[in-house]
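> below are the sequence and a predicted model for it; my questions follow.
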There are 2 protein chains.
Amino acid sequence: MTDNSFLVTDRNKVKRTPLRGAYDREAVYAVLDACQICHVGYVVEGQPYVTPTIFWRDGDTLYWHGSSASRMLRTVKAGVDVCVTASLFDGWVMARSGFHHSANYRSVMAFGKAAPLETEAEKDAALKLMMDGLFPGRWEEIRPATKQELKGTTVVRMEIDQASAKVRNGPPVDDDEDYALPVWAGVLPARQVCEAPVADPKLNSGIAFPENLAGYLPK
Amino acid sequence: MTDNSFLVTDRNKVKRTPLRGAYDREAVYAVLDACQICHVGYVVEGQPYVTPTIFWRDGDTLYWHGSSASRMLRTVKAGVDVCVTASLFDGWVMARSGFHHSANYRSVMAFGKAAPLETEAEKDAALKLMMDGLFPGRWEEIRPATKQELKGTTVVRMEIDQASAKVRNGPPVDDDEDYALPVWAGVLPARQVCEAPVADPKLNSGIAFPENLAGYLPK
């Protein structure tokens, strides 16, 4: 733990395999920034809901958005307690016993209360932040948002109150006596990759794939 | 909707862009079976938590497991309301306006109450089901579970009470007048792939990569 860690209480304390847990901002940010979507947990009349959504981050602030008619957004913008979890599956860990099989993964649980951005200017600025982070330069190329579009869009921000990161990587850890078994063991890694862009069938001729999206071309 | 659909109520009704929503088992199963991890939502004293975990399915029954000390498992096995959400990110949808940018994705929200498997035999059978689904033949190769391991493992099952699938795919849908803009539009697809297996550094010599894991080799 460093001075740059989130406060640890029972809510965000990693209880199982605590060596895998981290509370410093660097670890939490690294996982959040590697995820395209998060899962927003909230409660309506005692019933938990978990809604997947894209999100973006600025310091300790998470943003997500959608239609103003969304149940998730209508609920969370009232300032209720929210848990935002983002996870990446990195592969299967193949051990010599079933018990020590596992998954490699990176995940973050972040706690806080969300609040809606109130003005159209605030919403527009937050959406630019998302776009600039994902697709540098695109904001300047596309048709600007209309007043009506901004009105119909809810953008919420959540200051991260507490968070924890949990990561597993590396080979299996077997019981000492099992290493002698004639069983293949190791990791079956998984990774998300970009596939070749698919131009809109309605794309006008003569419009080239933009250089500022080159990061999304297959490696 | 077919006869093979989950009951639709306010809880699982897809409210936004309802054309993307489906309630039939075929659609729900297809998404669940494509996901390695799910996000389990539950409530402790009013606070929502969302915990990622691997899971498996048998008909309308979802299973997940972990250490008996897990807060998530201790909570959900008491039979509280649970929301299990599984999602896959399939790519970015690049439109001619910010408003019509989107993500392609597949997701399922499933509602129910979980219950613990009580006997060691039940747990062992459920774990075999997971293993057989993921890694055919491996169960017979590995060291069987001990009584102690099964005691320390909680396996829960949740009969899906209600569920909905939500899917977006295909090109952007822009406003009519925006198609004339000189902006590249289309999809930046993403996909999860297998990378080359990494043998355990402690693997004994002479143990080949097993044929029954060939499905996990890079394509």
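Looks like it came in fine. Residues are numbered from 1 along each chain as shown, chains lettered A, B, ... in the order given.
> quick check: phi and psi on the residue located most distally from the centre of chain A?
If you look at how far each residue of chain A sits from its centre, by Cα atoms, centre = their mean, the farthest one is residue A:180, at 39.9 Å. Torsion angles at residue A:180 (phi, psi; degrees, to the nearest 10) stand at phi -80, psi -10.
> for residue B:204, see how far away it is.
To residue B:204, residue A:180 is 7 Å away according to Cβ to Cβ, to the nearest Å. Backbone N, C-alpha and C define where each C-beta goes, glycine included.
> next: residue A:13.
Relative to residue B:204, and taking Cβ to Cβ, residue A:13 is found at 38 Å.
> what are the ranges of the helices in chain A?
Per DSSP state H, chain A carries helices over the ranges A:25-34, A:71-76, A:120-134, A:147-151.
> ok, and what's touching the last one?
Counting contacts by Cβ atoms under 8 Å, 6 or more residues apart in numbering or on different chains, the residues outside helix A:147-151 that touch it are A:68, A:120, A:123-124, B:97-99.
> quick one: which of those is nearest residue B:138?
residue B:98 (47.3 Å; Cβ to Cβ).
> so who does that closest one touch?
Counted by Cβ under 8 Å, 6+ apart, residue B:98 has contacts A:127, A:131, A:139, A:142-145, A:149.
> from these, which would you call buried?
Neighbour counting by 16 or more other Cβ atoms under 10 Å in any protein chain shown classes A:127, A:131, A:139, A:142-143, A:145, A:149 among the contacts of residue B:98 as buried.
> dump the contacts of helix A:147-151 to JSON lines, plus distance to residue B:33.
Converted to JSON lines, the contacts of helix A:147-151 look like this (distance: Cβ to Cβ, whole Å):
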{"residue": "A:68", "distance to residue B:33": "34"}
{"residue": "A:120", "distance to residue B:33": "42"}
{"residue": "A:123", "distance to residue B:33": "38"}
{"residue": "A:124", "distance to residue B:33": "40"}
{"residue": "B:97", "distance to residue B:33": "35"}
{"residue": "B:98", "distance to residue B:33": "34"}
{"residue": "B:99", "distance to residue B:33": "33"}
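> measure the spatially closest residue to residue A:128 that is not a sequence neighbour to residue B:178 for me?
Leaving aside its sequence neighbours, residue A:128 sits nearest to residue A:139 (Cβ to Cβ, 6 or more residues apart in numbering or on different chains; 5.2 Å). Counting by Cβ to Cβ, the separation of residue A:139 from residue B:178 is 15 Å.
> show me where pLDDT drops low in chain A?
Applying pLDDT under 70 to chain A flags the ranges A:1-2, A:18-19.
> now a ChimeraX select for only the buried ones of the contacts of helix A:147-151.
One line in ChimeraX is enough to select the buried ones among the contacts of helix A:147-151; burial here means 16+ other Cβ under 10 Å:
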select /A:120,123,124 /B:97,98,99
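> list just the nearest of the contacts of helix A:147-151 to residue A:161.
Nearest member of the contacts of helix A:147-151 to residue A:161, counting by Cβ to Cβ, is residue A:123, at 22.9 Å.
> residue A:7: how many residues sit nearby?
Look at residue A:7: counted by other Cβ atoms under 10 Å in any protein chain shown, it has 10 neighbours.
> these two touch, right, it and residue A:163?
No - with contact defined as Cβ atoms under 8 Å, residue A:7 and residue A:163 do not form a contacting pair (9.5 Å).
> on that earlier part again, let me have the helices of chain A in CSV, extended by distance to residue B:40.
Converted to CSV, the helices of chain A look like this (distance: least, Cβ to Cβ, whole Å):
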stretch, distance to residue B:40
helix A:25-34, 18
helix A:71-76, 17
helix A:120-134, 27
helix A:147-151, 35
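> tell me which of those sits most buried.
Across the helices of chain A, averaging neighbours per residue (mean count of other Cβ atoms under 10 Å in any protein chain shown) puts helix A:71-76 on top, at a mean of 21.
> elements contacting that one?
Contacts defined by 3 or more Cβ pairs under 8 Å, 6 or more residues apart in numbering or on different chains; DSSP states H and E place helix A:71-76 against strand A:37-44, strand A:47-58, strand A:61-67, strand A:153-159.
> direction included, what does the second one pair against?
Pairing partners of strand A:47-58, with direction, according to DSSP bridges: strand A:37-44 (antiparallel), strand A:61-67 (antiparallel).
> convert it to CSV, retaining C-alpha atoms only.
Extracted in CSV, the C-alpha atoms of strand A:47-58 (Å, rounded to 0.1, in the frame of the first residue of the first chain):
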residue,chain,number,x,y,z
GLN,A,47,-33.5,-6.6,-6.4
PRO,A,48,-29.9,-6.4,-7.7
TYR,A,49,-29.4,-5.5,-11.3
VAL,A,50,-26.1,-5.7,-13.2
THR,A,51,-26.0,-3.7,-16.5
PRO,A,52,-23.1,-3.8,-18.9
THR,A,53,-22.1,-0.5,-20.4
ILE,A,54,-19.1,1.2,-21.9
PHE,A,55,-17.4,3.7,-19.6
TRP,A,56,-14.4,6.0,-19.4
ARG,A,57,-12.2,7.5,-16.7
ASP,A,58,-10.7,10.8,-15.7
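> right, I'll leave it there.
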